[in-house]
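Sequence unavailable; structure follows:
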């Protein structure tokens, strides 16, 4: 059973901006991921140039930095379907090769009538036009989870391929050169809205072009699939895998029924590269979803969003391969509201960490921006 120890203190950090247009109609950005190519280029992928947390305008965008995150290119659209293109995972495959993942949803049922109640006539008309693109043909062509591949650091991309699973930060590169993704099944839109779909793994040996489904994470007694979401995984030096996932109330089931807070993390392991996963263990503190990496010091680092007052971005660290987690390291706690999070990190050449995430800059009336924090691991 994993142990947890609360640290509850701030780290020394500096903060900056990747993309921020908080007053623009298409100024909303969310759910980013970051990767670093062999040349040192930092690449951030996100859902961006949107109007709201859920809307008809989501696009997959990338920004890059060649100066360790001090400055960034303007957002560039690499994917724009008629649906709402959400999340964006990005992973480096060595050299300048990249893989990006995302998922696309038909949100007409959940949000398609919101524009009728808007007091802003221009905004209402633009939402109506956006939803008009979501017809049966476009849904059939674009619904689901996707992956695409770049050989040149994101300058050009191959054709998208549909995949079985979705995860906010995409796959990881294993020591063998394979890719492994721990995510949630996405079969139909209706099922996805209801939370149907197990957390499972899949593996690719050709850079993300073809995938083989692996094992499924078992459910805790008294829980249902609708409570399990948004996983990430890290490979340990001996080839074992450690996974974390978001656990919350769903389908009429409260996580408190089993003594676990909603919007918290579960931990699972695989001894055989994802073919079999252990029954997950609740970590029992607030914060999700996870992003994992192994620092050059050997410490495991997991960043997560914190959606209670004070809102912000936090991290936990483990020096014993996830047997003990020291949690609630505060990267920042100045979020105007709970619409934030999904932090993702890379280690820079000097051993510092650069963590990217989405958050409103100063006001609840702002549209969310892509921001970064540069920080160092504290002494445990």
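Perfect, I can see it now. Computed from a prediction, not measured in an experiment: that's the story for all the values here.

in the stretch 51-200 of the chain, which ranges drop under the pLDDT threshold?
For the stretch 51-200 of the chain, no stretch is flagged by pLDDT under 70.

Can you list the residue ranges for helices in it?
Here the stretch 51-200 of the chain has its helices, by DSSP state H, counting those that start in this stretch, at 108-111, 121-132, 136-142, 189-193.

what comes into contact with the shortest one?
Yep, that's helix 108-111 we're talking about. Contact with helix 108-111 is made by 54, 55, 56, 131, 134, 193, as judged by CB atoms under 8 Å, 6 or more residues apart in numbering. For glycine as for every other residue, the C-beta is placed from the backbone atoms N, C-alpha and C.

is it possible to export the residues you listed to TSV including distance to residue 2 and neighbour count?
Shown next, in TSV, are the contacts of helix 108-111 (distance: CB to CB, whole Å; neighbours: other CB atoms under 10 Å):
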residue	distance to residue 2	neighbour count
54	33	15
55	38	20
56	41	25
131	44	22
134	42	21
193	32	14
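
would you turn these into TSV with distance to residue 26?
As requested, the contacts of helix 108-111 are exported to TSV (distance: CB to CB, whole Å):
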residue	distance to residue 26
54	15
55	10
56	12
131	16
134	18
193	25
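
returning to that earlier point: can you say which of the helices of the stretch 51-200 of the chain is nearest to residue 14?
Nearest of the helices of the stretch 51-200 of the chain to residue 14, taken as CB to CB: helix 121-132 at 35.5 Å.

quick one: buried residues of the closest one?
Buried residues in helix 121-132, counted by 16 or more other CB atoms under 10 Å: 126, 127, 130, 131.

residues in contact with the first one?
The reference is to residue 126. Contact analysis of residue 126 by CB under 8 Å, 6+ apart lists 25, 51.

How about the last one?
Contacts were defined as CB under 8 Å, 6+ apart; by that measure residue 131 touches 56, 108, 112, 115.

give me that answer again for 7 Å
56, 108, 112 (CB atoms under 7 Å, 6 or more residues apart in numbering).

related to what we said a few turns ago, is it possible to export the helices of the stretch 51-200 of the chain to JSON lines including distance to residue 281?
Below are the helices of the stretch 51-200 of the chain laid out as JSON lines (distance: least, CB to CB, whole Å):
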{"stretch": "helix 108-111", "distance to residue 281": "32"}
{"stretch": "helix 121-132", "distance to residue 281": "42"}
{"stretch": "helix 136-142", "distance to residue 281": "37"}
{"stretch": "helix 189-193", "distance to residue 281": "26"}
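
between these, which gets nearest to residue 355?
helix 189-193 (28.1 Å).

Can you pull out the residues in contact with the closest one?
105, 106, 110, 143, 186, 197.

export these to a markdown table and tack on distance to residue 161?
Formatted as a markdown table, the contacts of helix 189-193 follow (distance: CB to CB, whole Å):
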| residue | distance to residue 161 |
| --- | --- |
| 105 | 18 |
| 106 | 20 |
| 110 | 26 |
| 143 | 14 |
| 186 | 14 |
| 197 | 19 |
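
still on that earlier bit, residue 375: which of the contacts of helix 108-111 is nearest?
residue 54 (30.8 Å).

For that closest one, which non-adjacent residue is closest in space?
residue 111 (4.8 Å; CB to CB, 6 or more residues apart in numbering).

Could you do residue 226 as well?
Computed as CB to CB, 6+ apart, the closest residue to residue 226 that is not its neighbour in sequence is residue 195, at 2.7 Å.

Also residue 20?
Distances taken as CB to CB, 6+ apart put residue 369 closest to residue 20, at 3.6 Å, once the chain neighbours are dropped.

Then residue 96?
residue 153 (4.0 Å).

does the one you found really touch residue 42, like I thought?
No: the criterion here is CB atoms under 7 Å, and residue 153 misses it with residue 42 at 10.4 Å.

Please say which of the two ends up with more neighbours.
Comparing residue 153 with residue 42 by other CB atoms under 10 Å, the one with more neighbours is residue 42, at 23 against 20.

need the contact list for that one.
Here residue 42 is in contact with 34, 36, 64, 65, 69, 346, 354 (CB under 7 Å, 6+ apart).

Verify the contact between residue 3 and residue 322 for me.
No: at 9.9 Å, residue 3 does not count as touching residue 322 under the criterion of CB under 7 Å.

Contacts only, for the nearest residue to residue 80 once chain neighbours are set aside.
Once flanking residues are discounted, residue 80 sits nearest to residue 59: 4.4 Å by CB to CB, 6+ apart. Contact partners of residue 59, counting by CB under 7 Å, 6+ apart, are 47, 48, 49, 77, 79, 80, 85.
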